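[1] Sequence and computational prediction follow.
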Amino acid sequence: MPWINVIANPQFGLLISETGAGYTWSRNSQANRLTPWSNDPVSDPPGEAFYLRDAVSGAAWSPLPAPCPAPVNYQTRHGFRLFHFSL
């Protein structure tokens, strides 16, 4: 079953699993989803994707285990971090 982390403040938030699947929302995670989320703990499909592309070869891959992994082993680490930002 996927492990997820939530990063949020009163205006914006995101949920991300160890495969890179997740979704984003504005103000209310249930009513104001910005990207889709399947809530399927077995297949854990991504609702959004992040890709890298080699400008020379044209090869594309995801830096995350889904949806288009590179041919390497991935290691996911989750832990508690408290970040403070000041502007």
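    Happy to help now that I have it.
[2] from what I can see Gln11 touches Trp25, true?
    No. Using C-beta atoms under 8 Å as the test, Gln11 is too far from Trp25 to be in contact (9.9 Å). Any C-beta I mention is one placed from the backbone N, CA and C, and that applies to glycine too.
[3] Compare neighbour counts for the two and give me the winner.
    Between Gln11 and Trp25, counting by other C-beta atoms under 10 Å, Trp25 is the more crowded of the two (19 against 8).
[4] buried sites along the host helix or strand of the more buried one?
    In the assignment (DSSP states H and E), Trp25 maps to strand 22-26. Taking 16 or more other C-beta atoms under 10 Å as the neighbour-count basis, strand 22-26 is seen to contain the buried residues 22-25.
[5] Tell me the helix or strand right after that strand.
    Past strand 22-26, heading to the C-terminal end, the next element that is a helix or strand (DSSP H and E) is strand 52-53.
[6] What is that following strand packed up against?
    Packing contacts for strand 52-53, counted by 3 or more C-beta pairs under 8 Å, 6 or more residues apart in numbering; DSSP states H and E, involve strand 60-61.
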